Every structure is written in C-alpha cells, then in structure tokens.
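Enquirer: here's my sequence, what's the structure:
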Amino acid sequence: MGVFQSKPRYLNNGAAEAPVEVDTTAPLEPQARRVLEAVCPQFLAAGGGELEVTTVTGGVTNMLYRVSGPGAAQPVLVRVYGLNTEVLIDRERENRIFAALSAVGAAPTFFGRFRGGRVEELLDARPLEMEELPRPEVQDLLAPAIARLHGSVLKAPGADKLMYVDAGDPVIVSFLRRWFPIALEVALEGEPERQAQLEALGLAARQRAAARLEVLLRRVREAPANLAERFLGQVVFSHQDILAGNVLFNEAWGHVRLIDFEYAGANMRGYDFGNHFCEHGGLVPGADMEECYPTMAVRQRLLRRYLEAVGELGDAGLGLACSEADAAVTKEAVARAADPEFLKELADLVDLFSMACSAAWGAWSVVQAKYSPIDFDYLTYAKSRFDGWDGRHAQAKACYQHLAEPQGDDAPASARL
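Expert: Numbers count the residues shown, from 1 in each chain. This next block holds a predicted model:
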C-alpha cells in the first residue's frame, strides 16, 4: 500500500459501507472526490487539486476508473458494480472475501466500499496478454501463484460459510444451478434480431446438459475412481476467473499477482485449470474457443509446474484440503509430478472442468446481455462459450466415460457421454 490509508472503519472491512454512490452518467471527478473523501480522505490530502479520472478498459462485469491526483503517492482504482450484477454475484460475500485476502496481503489493498462499489489499490503492473499465457516463462510464474492461492485459508468471521454460495457445494455447482434459471428468464423485448440470437442458443437444452455436468462433477468429488480424481476433486480456495487480464506482472517483482476475486470461493482444485485453459480464448466474442484451447503439452506443463509448486509449499500448500487423507493424496500426486501418464490423466480430467466453466460463463453472458451497459457483444460471446463447451465435449468425452450413466436419445448432445 502507499503512504496513505483509508479510514480505519473501512480499511479491510467488507461489512462497512460508506454512504455515497457514483452515477456513471454524470461528471466523474466530483463524484470520485466525494467517494475518496468518505473512504480514504488522506488520498486527497496527499495531493490536492483536481483529480484525474480515466476509464480502465477490458472489464465486462463492472465499470473501472483509475483515479489520480497531483502529488498523490499512487493512483487508486474505483470500481462501480455493473448494473444488476447482484443477480449473479453476492456482493456482501465478495467484499468480505476480498477484504480478508487484502488483510493478509493476498490481494490488492481493500481501502473500503461505498454504495454500489469500492476503492482498491491500483497495482503498478500490467495485465498479461492472452498470447502470453502458453509461454513456459509465464507458466513458471503462474503455477506458484495458483498453488499459493489454493493453499490459502480464509481468516474472516464466518469464513466457513463465506467460502460457499450454497452450503457444502463447490462454487461451480452453485453457479450452474443458479445462473441458468436466471438466463432462461431473459427476454430482449423490442430487439427482434437479438431475441432471435438469444433463442438460437437453445438455453433449455443447455440447462439440461449443465445439470448433467453437475452430476459428473459431484461424482468426481464424492466417489473418485483414481488419484487424478482424488487430487483435482479436493476442495480448495479457488479464484475461478484466471483470464489474462486478472494476472498482473511487474518485472521488478519476479512473480505475478492474481486480482479480481468476485467469483472466488471453495471449489474443486481442478476448476481453476479448466477455467484458465478456456481463457486462452480471451474475452473475444466470436472466438473459436476450441481452436484457442491450449495443446496437451502446454496443459501438462502447467499442471507439472503446479504440482512442483504445491510440493515446495509443503503443509502451507494444503489450504482447505488439510485432512490427513487429503494430505496423503496431495503428497502422492506431488510425487508423480514428472509422470507423463499421470499428467495426461490430470489434463484429461480438467476438460470436464473446462466444460463446466464454458457452461457457466455462457449463462452469465446471457444475463449480462440483458442488463449490462458495457459495450460488449455478450450474446456472441455466449455462443462462443457454448461452442467451446461442445468442442471440448467432442474431444474429451471418452476420458471420463466411466463417470456417466446411459442417456436416452432425447438427452442434449453435450450431456450424452
């Protein structure tokens, strides 16, 4: 953190909310000033003069603003939540998680929240580019960052409940169960072309297929058949949105940092890899997600580096998976970090998590198409994610055939394994 601090009431306190808000359709400088006066007035005292407010591009959930002032030690990030995103994100839960991570240095500083947003530390670093993700030197930095996060144990009041959206369920299961019904309610009245595009997504069939994915994920968690399933099915603290823009790099650091924990929580270890591999396609509406999906060699390399990083962390890398049985599984998996057969088993199983990821983000995109004021083609992006789900299904279905039960001819194609 810089030389200034926020008011003690708000610093690293996800529960306290300053009684101010931001109207993004009105001039931003006076509103940013009011927010900073309420949350971290020392920022203004450090500078004085007019604030410079610039839009940070690339976000597709919230409006992001870089705020700096003459003489201020560092700029800050003012995040204004996207319109109606509370139907997808529990903001109370998110702020408490972020504040707890900030308090232990695992996230940028949480200066405080206000109505409809919050003020965060703006790290002096650049986000990775999508094209950088497969590079070995980037994987060598990313794998330890994921391992450290998975080894985290959230220390906050009610942390056991805070980690979950629905008690006891991995968060991806909750997302699939919650987001599809919301997406199915979306209608784009007065926009016939977009409505036709929405209907062409076949959301009812997609929801049935997503329910099938939920069953398969539960089997990995509850009845693992091999070491790969026992290891990747362990519940750890997960980021769940490891796209290039959420990985920051500063050459002087010698490491990368993960940011944006809106969707973070307790999830199966394999999900962050399924998500990350999907994100090699980036936030690009119309992208061929299957073509962008990393090669088996790239996937196995990241998983090997991750196993090595978990081994280097020792007990500090166990996190939520700290029972005696889980520790034994982790130790056995780490011992096989250089085993090509085991790495392939892991990479094959990650495909199941990749499909769950694409299913969830497809539903998310449909909801955003209805509510978000951000200039982004959410419906085309939803189709890209659903097409990526189908493509991964076609490539990988034989790898988890043992998890499936016979399906009738009327089952959605992506649910018949």
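Enquirer: got the buried residues for stretch 336-355?
Expert: Buried residues in stretch 336-355, counted by 16 or more other CB atoms under 10 Å: 336-337, 342-355. All C-beta spots, glycine's among them, are computed from the backbone N, C-alpha and C.
Enquirer: which strands and helices sit next to the longest helix along the chain?
Expert: For the chain, the longest helix by residue count, based on DSSP state H, is helix 340-371. Counting contacts by 3 or more CB pairs under 8 Å, 6 or more residues apart in numbering; DSSP states H and E, helix 340-371 packs against helix 171-184, helix 192-199, helix 203-222, helix 227-232, helix 271-278, helix 296-313, helix 378-396.
Enquirer: pick the one among the buried residues of stretch 336-355 closest to V236.
Expert: Nearest to V236 among these: F353, at 12.9 Å, using CB to CB.
Enquirer: skipping adjacent residues, who's closest to that closest one in space?
Expert: In space, and not counting its chain neighbours, F353 is closest to G274: 2.7 Å by CB to CB, 6 or more residues apart in numbering.
Enquirer: surely the one you found is in contact with D351?
Expert: Yes. Contact criterion CB atoms under 8 Å: G274 and D351 qualify, at 7.2 Å.
Enquirer: quick check: which of the helices and strands packed on helix 340-371 is buried the most?
Expert: Mean neighbour count (mean count of other CB atoms under 10 Å) peaks for helix 271-278 among the helices and strands packed on helix 340-371, with a mean of 26.
Enquirer: chain center to that one: distance?
Expert: With CA atoms, centre = their mean, to the nearest Å as the basis, helix 271-278 stands 9 Å off its chain's centre.
Enquirer: for this protein, which helix or strand comes out least confident on mean pLDDT?
Expert: helix 41-47 (a mean of 75; mean pLDDT, DSSP states H and E).
Enquirer: mind listing what's buried in the following helix or strand past that one?
Expert: Following helix 41-47 in sequence order, the next helix or strand is strand 52-56 (DSSP states H and E). By neighbour count with 16+ other CB under 10 Å, strand 52-56 contains the buried residues 53, 56.
Enquirer: pLDDT below threshold where in this protein?
Expert: 1-5, 46-48, 71-73, 397-417 (pLDDT under 70).
Enquirer: so for it, the centremost residue is which one?
Expert: Nearest to the geometric centre of the chain sits D241, at 2.0 Å (CA atoms, centre = their mean).
Enquirer: what's the spacing between the closest residue to that one other than its chain neighbours and D272?
Expert: Leaving out its chain neighbours, the residue that sits closest to D241 by CB to CB, 6+ apart is Y263, at 5.0 Å. In this view, Y263 and D272 are 11 Å apart by CB to CB, to the nearest Å.
Enquirer: shared neighbours, the two?
Expert: 239-240 (CB atoms under 8 Å, 6 or more residues apart in numbering).
Enquirer: L133 is in contact with H280, isn't it?
Expert: Yes. Between L133 and H280 a contact is recorded at 5.3 Å, counting by CB under 8 Å.
Enquirer: joint contacts of those two?
Expert: P294.
Enquirer: more neighbours: which of the two?
Expert: L133 (23 against 20; other CB atoms under 10 Å).
Enquirer: contact partners for that one?
Expert: Contacts of L133 (CB under 8 Å, 6+ apart): 142, 244, 276, 279-280, 294.
Enquirer: any idea which of the residues you listed is closest to L188?
Expert: E279 (26.8 Å).
Enquirer: what's around the closest residue to that closest one other than its chain neighbours, how many residues?
Expert: The spatially closest residue to E279, leaving aside those adjacent along the chain, is L243, at 3.8 Å (CB to CB, 6+ apart). Using other CB under 10 Å, L243 has 22 neighbouring residues.
Enquirer: about what we covered before: let me have the helices and strands packed on helix 340-371 in CSV, extended by distance to E21.
Expert: As requested, the helices and strands packed on helix 340-371 are exported to CSV (distance: least, CB to CB, whole Å):
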stretch, distance to E21
helix 171-184, 24
helix 192-199, 30
helix 203-222, 33
helix 227-232, 42
helix 271-278, 32
helix 296-313, 41
helix 378-396, 25
